[in-house]
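Colleague: the sequence isn't on hand, but the structure is:
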């Protein structure tokens, strides 16, 4: 046990020791949430869903993987609805982590070289490692660097899998889908993979993400989205061609060997997404509050529903978070390895459940520290 204790002591000394947050969800304004559309606490939506007797009788467990489970009507209905929205085949996964690790490790077979944005989520990095494919990373949103890497490797591999997030989870900035699509057109061996985890529900037409908002939507080979953030549920999905969907059903280990999502959750997700696609006023409110947040934090970045306040030091980030919580504002410290060393921060995110006074109150609290 000394081995583990020594490592924990070292983590603690660096200001990077983590514990699971405790306490209730009231008594403060929560800027740490990914509930961007404010649906997670909507009791009226839960009451409406469970007022339907059919929903109250849906099983709370699937008891087996998708390849074995007997009760899948709700999964199929959710996939069919999402397919109509995206104009593509849809396959459900248990989480964004399951989706990224399972999809990347399956599709990056022999003859594939992976090029990922340096700030991609850990689930993407883990999927790359599991694939055992050779890979490199390009400087964050630096498409000149990306093209140089594509040019260097285009003749050496059958496929170049370029992976990015549409909105980056810790910085809140976005990729340029049009530039990525142009690179794919220029280099036919390129496949594009876009993770929309932090855009789904919040951005684009009907909240379907930045990819769907682009004129180059068809250039993106694989889209991943999650239901555990703006959609106030759990699970994830990928929007792909029929061939890729069939390939994943046969080759994605996280899909094949995981017990499927509970049917009840898929029914709830479908109920929420049907509401979510029509919530343009809530999305407009998120945009407006995001501008106020950027001003309150003194950020020069393009306003986003995710905005970091860089401290550059883990201990400072933890102390600032504690001080803000004492004043009634929750923003959690983000430290290495989640973000690169020297870019430690507090991560602030907007929810449509907030109002202007929450932002002005935060600004006043920060000025008092």
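Modeller: Arrived safely. All of these numbers come straight from a predicted model, not from anything done at the bench. Numbers count the residues shown, from 1 in each chain.
Colleague: find the centremost residue of this protein, please.
Modeller: residue 197 (2.6 Å; C-alpha atoms, centre = their mean).
Colleague: show me what contacts it?
Modeller: By C-beta atoms under 8 Å, 6 or more residues apart in numbering, the contact set of residue 197 is 96, 121, 165, 169, 224-226, 229, 236. (C-beta placed from N, C-alpha, C; glycine too.)
Colleague: highest neighbour count among those?
Modeller: Neighbour counts for the contacts of residue 197 (other C-beta atoms under 10 Å) peak at residue 225, which has 29 neighbours.
Colleague: out of everything not next to it in sequence, what's closest to it?
Modeller: Nearest non-adjacent residue to residue 225, counting by C-beta to C-beta, 6 or more residues apart in numbering: residue 200, 3.8 Å away.
Colleague: just say helix, strand or coil for that neighbour.
Modeller: Here residue 200 is recorded as coil under DSSP: H, G, I helix; E, B strand; the rest coil.
Colleague: what about it, neighbour count?
Modeller: 31.
Colleague: cool, and the one 3 residues further on?
Modeller: Other residues lying near residue 203 total 25 when counted by other C-beta under 10 Å.
Colleague: if we can go back for a sec, ok, the contacts of residue 197 vs residue 288, which is closest?
Modeller: Nearest to residue 288, judged by C-beta to C-beta, of the contacts of residue 197 is residue 229 at 19.6 Å.
Colleague: got a list of what the spatially closest residue to the closest one that is not a sequence neighbour touches?
Modeller: Counting by C-beta to C-beta, 6+ apart, residue 34 is the residue found nearest to residue 229 once chain neighbours are left out, at 4.0 Å. Neighbour list for residue 34: 198, 228-230, 349 [criterion: C-beta under 8 Å, 6+ apart].
Colleague: confidence score at residue 24?
Modeller: Looking at residue 24, its pLDDT is 62.
Colleague: make that residue 155, sorry
Modeller: Note on residue 155: pLDDT of 89.
Colleague: give the buried residues for the helix or strand harbouring residue 146.
Modeller: Residue 146 belongs to helix 143-153 when assigned by DSSP states H and E. For helix 143-153, a neighbour-count test (16 or more other C-beta atoms under 10 Å) marks 143, 146-147, 149-150, 153 as buried.
Colleague: thought residue 37 was touching residue 351?
Modeller: Yes: contact between residue 37 and residue 351 holds when scored by C-beta atoms under 8 Å: they sit 7.3 Å apart.
Colleague: what sits in contact with each of those two?
Modeller: residue 286.
Colleague: separation between residue 122 and residue 258?
Modeller: Separation of residue 122 from residue 258 (C-beta to C-beta, to the nearest Å): 18 Å.
Colleague: residues touching stretch 76-87, excluding its own?
Modeller: Residues from elsewhere that reach stretch 76-87 (C-beta under 8 Å, 6+ apart): 89-92, 206, 208, 212, 223, 237, 239, 266-267, 269-270, 273-274, 277.
Colleague: can you select the buried ones among those for me in PyMOL?
Modeller: The buried residues among those can be selected in PyMOL (16+ other C-beta under 10 Å) with this line:
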select buried, resi 89+90+91+92+206+208+212+223+237+239+266+267+269+270+273
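Colleague: done for today, thanks.
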